[in-house]
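>>> give me the fold of what follows.
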Amino acid sequence: MAFQIQLISKLSPIIQKPILKIILLLLLFSLSYLFGSFSTTTTTTITTAATSTATCTTHLKQDKAEHSVSRNLDFTTHHSSEVLPLPIIHHQPIKICPQNFTNYCPCQDLTRPKLFSTDRYFHRERHCPQYDYEKLRCCVPKPPGYRPPFRWPKSRDTAWFSNVPSKKLAVSKKKQNWVRLEGDRFIFPGGGTSFPKGVKGYVDLIKQLLPLKSGRIRTALDVGCGVASLGAALWDYNIVTMSIAPLDVHEAQVQFALERGLPAMLGILSTYRLPYPSRSFELAHCSRCLVQWADYDGLYLLEVDRVLRPGGYWILSGPPIGWRVSYKAWQRSTEDLKKEQMALEDLARRMCWKKIAEKGPIAVWQKPTNHVHCARNLKTWNSLHFCKDSEPDFAWYRKMEPCITPLPDVKSIKHTAGGTLEKWPKRLNVVPPRVSSSRIKAITSQTFNEDNRLWRRRIQHYGGVLISLFNGGYRNIMDMNAGLGGFAAALSPYPLWVMNVVPFDSKNNTLGVIYERGLIGSYINWCEAFSTYPRTYDLIHADGVFSMYMNKCDVLEILMEMYRILRPHGAVIVRDNVDILVKVKDLMKDMGWEGKLSHSQRGPLDPEKVLFVDNTNNINI
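Residues are numbered from 1 along each chain as shown. Below you'll find the predicted structure:
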């Protein structure tokens, strides 16, 4: 700059003319630019070289340990990404809720039904808090004396009373042998409303009618499940059962099921579709669940038809089945029960179902493998019709319709609509029909197989951090963003089960693929609570969940929901961008969780990281 000033002073006599002045100024600016560019380039080159050297050194040091958790990983000011940061939230320790919230279920809160119509039990549907003043801003407490549940398979038959401190079922269902209270624990003898002497004889009867051992029946739905005694018994046949029941006067049916280590969730046939895709289950069951199947134009049985796979079975026991023997016990007239069964039989016929057996207290129908004959019959009968809805898999707050969900077209009447599934367990890793037929955008057989390989590597990484993952320490696991189900498939060799959750607004609706693999799951909007009781999962896995929801709702609410449904000794795995995980980790501290960051399998240079919370040895949380 001094040189420029001296030059101007010496040339001032010459530049009195305007044109010469302009030319000289342009020349001086050009020289200044060139000089500045040279200085900046030199500095940048030196800085870049130094940074590259430091990065390579770090990479060499961490290459062998990139999959291990480091207590000193600190990304608060060293990384940036294209992902927008989470909104800044004022941090302060989150209080524990009063003790009367210990079994709080936000969307099935028993204090709210009076606000809604009782028509078709609509008041028992999901009714989640909508406004801030309705939402719980505290952590749901565990009951006094809470203890880690018994490990599987002992948990199937035994649970601590202190974990589910409710005697109602043990008293009201005593004669039906659902559950007994003996000292400080509950005993589950396997009874039920339709099988008070035990579920074994009941399943033995079903086994005479259906190929339970064949591997062709893998996924089942139990409506009005009680304490999931049927689901417990079917586990011996490698049949995984989604057991559902509403939160009603019996209170803890689903809570008991999950405490036993069995898949279950709160649910009811009322107004909305069940939160499962079409063609999900090979078997559907109802044991005296008191559903009026033929009412409302057959709406409820038509919903069962929607979620039942082609060729799948529906089992009904209880009224009106077996009415000739049981009408006195039911305190119903023979005329009334006979009329009810005739209406049921007629509805099933018009749905193109075939009744294959009625034996003792059980009747069994089978859904057709395709709708070739059914399409012809419906034109003749002029009664039920096919639904016009082009999205039979969409089931989040979608109202049920009194129509038959059409099956995919087939080329031959001998073919199974939607494709034939392999027997279990082979079907777990073969390409599912929804993928091989290109029904899901951008997902091919190649991407499916690559996803399987990826998750097998990731599970080995997880197991190196969470020792309990492979030794039976976790039984109930939730995957909050399940994708193609690769996480659950990689865990299939271990004594656990996974609730595969697919957000209702995901880019791809993959829940149907998950069911075709022989796994189970549900739709959800994570801005709302899941349909389960508190303390029902040992491990929660969240892959990209916070990236998906950071601009949709308060991230803290999602974390508090995770706190609600996680067992006190449980663990959490969050996989996401580092900028997001740093803020999630801070919020977790406010809830009393201590998270530890780890590199993902992509290595230390990639912004994707994994956050682990392991409460296994901290039951006091």
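>>> packing partners of the strand ranked longest in the chain?
For the chain, the longest strand by residue count, based on DSSP state E, is strand 566-577. On a contact count with 3 or more CB pairs under 8 Å, 6 or more residues apart in numbering; DSSP states H and E, strand 566-577 meets strand 537-543, helix 545-549, helix 578-590, strand 608-614. The C-beta positions use only the backbone N, C-alpha and C, and glycine is treated the same way.
>>> which of these sits most buried?
Mean neighbours per residue, mean count of other CB atoms under 10 Å, is largest over the helices and strands packed on strand 566-577 for strand 537-543, with a mean of 24.
>>> show me what that one is packed up against.
strand 476-479, helix 555-565, strand 566-577.
>>> between these, which gets nearest to Trp314?
Closest approach to Trp314 among the helices and strands packed on strand 537-543 (CB to CB): strand 476-479, 27.2 Å.
>>> tell me the helix or strand right after that closest one.
Later in the chain than strand 476-479, the nearest helix or strand by DSSP states H and E is helix 486-490.
>>> rewinding a little: would CSV of the helices and strands packed on strand 537-543 with mean pLDDT and distance to Tyr237 be doable?
Compiled in CSV, the helices and strands packed on strand 537-543 are given as follows (pLDDT from 0 to 100; distance: least, CB to CB, whole Å):
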stretch, mean pLDDT, distance to Tyr237
strand 476-479, 98, 20
helix 555-565, 96, 28
strand 566-577, 97, 28
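>>> and of the ones you listed, who's closest to Pro143?
Proximity to Pro143 (CB to CB) singles out strand 566-577 among those, at 10.4 Å.
>>> tilt between that closest one and helix 578-590?
Here the directions of strand 566-577 and helix 578-590 differ by 160 degrees (axes from the mean of the first three to the mean of the last three CA atoms, to 10 degrees).
>>> list the strands paired with strand 566-577, with their directions.
Within its sheet, and counting by DSSP bridges, strand 566-577 is paired with strand 537-543 (parallel), strand 608-614 (antiparallel).
>>> mind putting these into JSON lines with distance to Lys338 and mean pLDDT?
Below are the strands paired with strand 566-577 laid out as JSON lines (distance: least, CB to CB, whole Å; pLDDT from 0 to 100):
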{"stretch": "strand 537-543", "distance to Lys338": "46", "mean pLDDT": "98"}
{"stretch": "strand 608-614", "distance to Lys338": "58", "mean pLDDT": "97"}
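>>> between those strands, which one is nearest to Asp451?
Comparing these against Asp451 with CB to CB, the closest turns out to be strand 537-543 (11.5 Å).
>>> as JSON lines, the helices and strands packed on strand 566-577 with distance to Gly322 would be great.
Formatted as JSON lines, the helices and strands packed on strand 566-577 follow (distance: least, CB to CB, whole Å):
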{"stretch": "strand 537-543", "distance to Gly322": "38"}
{"stretch": "helix 545-549", "distance to Gly322": "47"}
{"stretch": "helix 578-590", "distance to Gly322": "54"}
{"stretch": "strand 608-614", "distance to Gly322": "51"}
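>>> in stretch 148-159, what's buried?
Buried positions in stretch 148-159, judged by neighbour count with 16 or more other CB atoms under 10 Å: Pro149, Phe150, Trp152, Ser155, Arg156, Ala159.
>>> you'd agree the fourth one is in a helix?
Yes. Inclusion of Ser155 in a helix is indicated when DSSP: H, G, I helix; E, B strand; the rest coil is applied.
>>> name all residues that make contact with it.
Contacts of Ser155 were listed using CB atoms under 8 Å, 6 or more residues apart in numbering, and they are Pro149, Glu259, Arg260, Gly261, Arg475.
>>> I'd like to know how far the closest residue to it other than its chain neighbours sits from Ala159.
In space, Ser155 comes closest to Gly261 once its chain neighbours are excluded; the distance is 4.3 Å by CB to CB, 6 or more residues apart in numbering. To Ala159, Gly261 is 9 Å away according to CB to CB, to the nearest Å.
>>> thinking Gly521 is in contact with Pro503, fair?
No. The pair Gly521 / Pro503 is not scored as a contact, 11.1 Å apart, by CB atoms under 8 Å.
>>> okay, those two: which has more neighbours?
Using other CB atoms under 10 Å, the more surrounded residue of Gly521 and Pro503 is Gly521, with 25 against 22.
>>> and Leu234, how many residues sit next to it?
Using other CB under 10 Å, Leu234 has 24 neighbouring residues.
>>> could you measure from Val227 over to Phe186?
Distance, Val227 to Phe186, by CB to CB: 9 Å.
>>> same deal with Lys197?
Distance from Lys197 to Phe186, by CB to CB: 19 Å.
>>> brilliant, that's me finished.
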